[in-house]
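Asker: structure, please.
(2 chains)
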Amino acid sequence: AQSVTQLGSHVSVSEGALVLLRCNYSSSVPPYLFWYVQYPNQGLQLLLKYTTGATLVKGINGFEAEFKKSETSFHLTKPSAHMSDAAEYFCAVSVIKAAGNKLTFGGGTRVLVKP
Amino acid sequence: ETGVTQSPTHLIKTRGQQVTLRCSSQSGHNTVSWYQQALGQGPQFIFQYYREEENGRGNFPPRFSGLQFPNYSSELNVNALELDDSALYLCASSSRSPGKGTGELFFGEGSRLTVL
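Answerer: Okay, the predicted model is just below:
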């Protein structure tokens, strides 16, 4: 079975500071990994994904994540936080099976950006 | 290109009632999945539909059921509502068949259900 752990349910950063959101996963097969963002009262929007190949993945809005197999991690970073980054972020691992593909999500990390 | 749309956006029901939520998948997508997101938690997989049949189910009781129509739209039905069913219900579509692709999903904005 797959699982995802996000360290820290809440993160507070100052505008312009580094954003670092931690994600660790467990998977019995090579994982496909995703970060989604959820703004208040909205659905989930894909930030970036890792499938195969380059382990450093760049996404939208200046975010990037690095897949580290040895550490079973897929941490999300952004060099300089903007007020518009205030949202909840979810890390997810994908299970590809004939009997349905599904995403397993972590519990989420809510980001607060201070001016 | 039309994204995933869900209706209604908000609704209130009482315990024991039944509810139907609707989802139109993104243009060109043939697979629909439903997720439940309780307050303060990550989404939990309910089930997936492909070719009008359930194709994969999470740990949800049988009173959660669904349909997929020939135009790939979908319904989620919940019978005998309980207080714990209060949540945001998210529909997601994808264009790959089960067992293929990367599992990337495109989500709607959700239907928020409150059970009193």
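Asker: using CSV, write out every CA atom in the lowest-mean-pLDDT helix or strand in chain B.
Answerer: The helix or strand with the lowest mean pLDDT-type score in chain B, counting by mean pLDDT, DSSP states H and E, is strand B:53-57 (a mean of 90). Taking Å, rounded to 0.1, in the frame of the first residue of the first chain, the C-alpha atoms of strand B:53-57 are listed here in CSV:
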residue,chain,number,x,y,z
GLU,B,53,-18.4,0.8,-14.8
GLU,B,54,-16.8,1.1,-11.4
ASN,B,55,-13.1,0.4,-11.7
GLY,B,56,-11.5,0.6,-8.4
ARG,B,57,-12.9,1.5,-5.0
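Asker: return the list of helices and strands in contact with whichever helix or strand comes after it.
Answerer: Sequence order places strand B:64-68 as the next helix or strand after strand B:53-57, per DSSP states H and E. For strand B:64-68, the elements it packs on are strand B:44-50, strand B:74-78, judged by 3 or more C-beta pairs under 8 Å, 6 or more residues apart in numbering or on different chains; DSSP states H and E. (Each C-beta comes from the backbone N, C-alpha and C, glycine too.)
Asker: other residues contacting strand B:64-68?
Answerer: Here strand B:64-68 makes contact (C-beta atoms under 8 Å, 6 or more residues apart in numbering or on different chains) with B:32, B:34, B:46-47, B:49-54, B:74-79.
Asker: just those that are near chain A?
Answerer: B:F47, B:Y50 (C-beta under 8 Å from any C-beta of the partner chain).
Asker: contact partners for the nearest residue to B:S94 once chain neighbours are set aside?
Answerer: Nearest residue to B:S94, sequence neighbours excluded (C-beta to C-beta, 6 or more residues apart in numbering or on different chains): B:T31, at 4.8 Å. Residues near B:T31 by C-beta under 8 Å, 6+ apart: A:101, B:25, B:48-50, B:55, B:72, B:93-98.
Asker: among those, the buried ones, what's the PyMOL command?
Answerer: The PyMOL command for the buried members of the contacts of B:T31 (criterion: 16 or more other C-beta atoms under 10 Å in any protein chain shown) is given here:
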select buried, (chain A and resi 101) or (chain B and resi 25+48+49+50+55+72+93+94+96+98)
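Asker: A:F67 and A:C91 touch, don't they?
Answerer: No - A:F67 lies out of contact with A:C91 (C-beta atoms under 8 Å); the separation is 11.5 Å.
Asker: what touches both of the two?
Answerer: Common contacts of A:F67 and A:C91 (C-beta under 8 Å, 6+ apart): A:L33, A:F74.
Asker: more crowded one of those two?
Answerer: For A:F67 versus A:C91, neighbours defined as other C-beta atoms under 10 Å in any protein chain shown are more numerous around A:C91 (29 against 21).
Asker: so where's the chain shaky on pLDDT?
Answerer: Defaulting to chain A. A:98-100 (pLDDT under 70).
Asker: actually chain B
Answerer: Within chain B, the stretches with pLDDT under 70 are B:1-2, B:98.
Asker: ok, the residue of it found nearest chain A to B:I46 distance?
Answerer: Taking C-beta to the nearest C-beta, chain A has its nearest neighbour within chain B at B:G56, 1.7 Å off. In this view, B:G56 and B:I46 are 10 Å apart by C-beta to C-beta, to the nearest Å.
Asker: what parts of chain B come near chain A?
Answerer: So far as C-beta under 8 Å from any C-beta goes, chain B lies against chain A at B:4, B:31, B:33, B:35, B:40-45, B:47-48, B:50, B:55-58, B:90, B:92, B:94, B:96, B:98-110.
Asker: from these, which land in helices?
Answerer: In helices, judged by DSSP state H, none of these are found.
Asker: many thanks, I have nothing further to ask.
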